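Participant: okay, here's the prediction I keep looking at, along with the sequence it came from:
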Amino acid sequence: MLRKVAIKAIGLNKWFGEDETKTLAVSDVSFEAYHGEMLYIVGPSGSGKTTLLSIISGLLKPNSGKVIVESRNIWEMPPDDIANFRLNKIGFVFQDFHLFPKLTTAENVAIPLILKRLNWDEAIKTAIDYLNIVGLKNKADLPPLKLSGGEQQRVAIARAIAAKPEILILDEPTASLDGDTGRKIIEFVKQNVLNETRCIIIVTHDSRIYEYADAIMSMEDGKIIKIQRNTYEK
Amino acid sequence: MFGILKVALKLLVNDKGKFSALLMGITFAVFLMVMMTSMFSGILARAASSVVNVGAKVWVLDPAVNNVSNSIPLPDYVLNSVRSIKGVEYAEPIYFGAALAKLDNGTFQAVSIIGLDDGTLYGRPELTEGNIENIYAENAFIVVQDAEFNKLGNPKIGTEFEINDHRGRVVGIAKVAASSLFGVPTLYTTYNRALTYIPTTRFTNSFLLVEPKSDKDIPFIQHEVQRMGYQALTNDQFIQKISDFYKYQTGMGINVLLMTIISFIVGLSISGQTFYTFILENLEKFGALKAIGAKGRELVSMILFQATFTSLLGYGFGVGLATSLMILARLKLPDYAAQVTFYNLGLAFFMVMIIAGISSYIGIRKVLQIQPFDIFRG
């Protein structure tokens, strides 16, 4: 089956500092991620995973190279268009969740919808629908701090998918969770969030969740050293 | 945009500790600013009370005179000269002096005496009891019923007392627009009786009250009076001159200004620092919002809204607290000289807006500097 490319990186380079202090974070990275695919980016600390994630999600401008989404290089867009690109095409699940403790879970989930100019009541209603998907409808009125780590992670996932993004980015999604909860979360994402119109990219150190990957991209010293697709064996 | 502002509002008010601290800081600053400026306004208004109460269109005075209580008597020829100026309908003298009243119970009380021209009674007050004609009766005085009235033992018509060892008798009770500043009761009598009761200098005309034929004649009258070496001021100009004297030549103005600035700095320090801490604590969340797709201007509008909302609420509480306290104070202290004017409120509002502006500027700078990429780096 011919799969549709969700995001394509071509010759990405990113360095920090100048001259003697220059550090190459990402070096000549090219790859493709497909709709319906769960792609893991793995590698040791300092290998450039997070930098690469930031570049492909429109958060950090590369020194050279292109990130193509729907035939457009996102880094040629004006800043407001990049913000709109992140809002409409990308969903983020941050390592520390970054939920607003002073808002209810429903309000947290509604934030991308509010940014998309949905009216308040409609956004909250839709947010509750997404909380229902992640099994937390009954906790819609609670503040996130009243939830367990796994529940907070699911709220973060609900927030990430509420705006119906084509690309979902999860940064170390199991780092703050125990092994069992981490596995359940990834299983849930694979079964309920991944679909034929969505690509999920996960940065992780956690080898216990490799079994759920459709593709694993290994990085070292800012370079891709290997991409394996549908070949991972437990 | 309404939705994002609602998020901003919830982030602010749900953080009860910070919100309370912010609100208290601004409320306290506004309270102090309004109290200080209102007290000063009250003092200024009372300092010019005699001018307001007499209400002459034009006052002729020595240029060195800065307030009613320190008049420099004018030679008699000035009165005749002013009367001969083209455009003057009539001009009458008025006498301002001080005396000591001995009350029924044997205590002494300092009083202000205003002597009205015997022929015209120009500048007379409005009576609430008695008839103005009775001012011509023997030893007659009219007592002003203001905040100082009770210092004369709440006199009635017919009450007698001594003024500088002369007999005095109350023939009327008057009401006036403004109470005096110095806490001394005011008595009206005729010009000649005032001169009889109070030891005087060679000249006795404290001021001349001028009624012009029309308002258009006032500039000419002022010009002619100036040529004589004196000054002719309209009622408003005289009030302004007295205000300027207290503001700039007594040290009161600079003291009030300093207190107002200190209040402003206290408010700015408390609210600025609290708001900065609030922004710092939410910085990662603002970064997350940026990463999700919020634009810089949306974050700026959130912060501006938070700062403005808190400032306006604090302004309302501060003004409310100040006015409540003034009302309470006036119930217990009739002499309490404070008045809230639009100018005071405008000044406090302006300063609160500066506090909001500086607080939000600090927050906006911090939030705009954060890179969404930093959220991934932790």
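Facilitator: Now that the structure is in, tell me what you want to look at.

Participant: count of neighbours near residue 207?
Facilitator: With no chain named, the answer covers chain A. By other C-beta atoms under 10 Å in any protein chain shown, 9 other residues sit near A:Ser207. Any C-beta I mention is one placed from the backbone N, CA and C, and that applies to glycine too.

Participant: you answered for a different chain; I wanted chain B.
Facilitator: Neighbours of B:Phe207 (other C-beta under 10 Å): 27.

Participant: tell me who's in contact with it.
Facilitator: Contact analysis of B:Phe207 by C-beta atoms under 8 Å, 6 or more residues apart in numbering or on different chains lists B:Trp59, B:Val60, B:Leu61, B:Val68, B:Ser71, B:Leu74, B:Pro93, B:Ile94, B:Phe96.

Participant: right, and B:Ala48 touches B:Phe245 too?
Facilitator: No. Using C-beta atoms under 8 Å, B:Ala48 is not in contact with B:Phe245, being 9.8 Å away.

Participant: looking at the two, which one has more neighbours?
Facilitator: Between B:Ala48 and B:Phe245, B:Ala48 has the larger neighbour count (other C-beta under 10 Å), namely 24 against 19.

Participant: what residues are up against that one?
Facilitator: With C-beta under 8 Å, 6+ apart, B:Ala48 has these contacts: B:Asn67, B:Val68, B:Ala178, B:Phe238, B:Ile239, B:Ile242, B:Ser243.

Participant: count of neighbours near the residue in chain B positioned nearest to chain A?
Facilitator: Chain A sits closest to B:Gly293 of chain B, with a gap of 2.6 Å, by C-beta to the nearest C-beta. As a burial measure, B:Gly293 scores 26 neighbours (other C-beta under 10 Å).

Participant: in a strand, B:Ala366, correct?
Facilitator: I think there's a mix-up here, since residue B:366 is Lys and not Ala. No. Under DSSP: H, G, I helix; E, B strand; the rest coil, B:Lys366 falls outside any strand and is assigned helix.

Participant: mind checking how far it is from B:Thr107?
Facilitator: Noted for B:Lys366: a distance of 66 Å to B:Thr107, by C-beta to C-beta, to the nearest Å.

Participant: helices of chain B, start to end?
Facilitator: Listed in chain order, the helices found in chain B under DSSP state H are B:2-13, B:16-47, B:49-54, B:76-83, B:191-197, B:218-227, B:235-248, B:252-281, B:283-292, B:296-332, B:342-369, B:373-377.

Participant: can you put those helices in a markdown table and add mean pLDDT?
Facilitator: Output for the helices of chain B, formatted as a markdown table (pLDDT from 0 to 100):
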| stretch | mean pLDDT |
| --- | --- |
| helix B:2-13 | 91 |
| helix B:16-47 | 89 |
| helix B:49-54 | 87 |
| helix B:76-83 | 93 |
| helix B:191-197 | 92 |
| helix B:218-227 | 95 |
| helix B:235-248 | 91 |
| helix B:252-281 | 84 |
| helix B:283-292 | 87 |
| helix B:296-332 | 92 |
| helix B:342-369 | 88 |
| helix B:373-377 | 71 |
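
Participant: helices or strands up against the longest strand along chain B?
Facilitator: Looking across chain B with DSSP state E, the single longest strand is strand B:88-102. Contact partners of strand B:88-102 among helices and strands, from 3 or more C-beta pairs under 8 Å, 6 or more residues apart in numbering or on different chains; DSSP states H and E: helix B:76-83, strand B:108-116, strand B:160-163, helix B:191-197, strand B:207-212.
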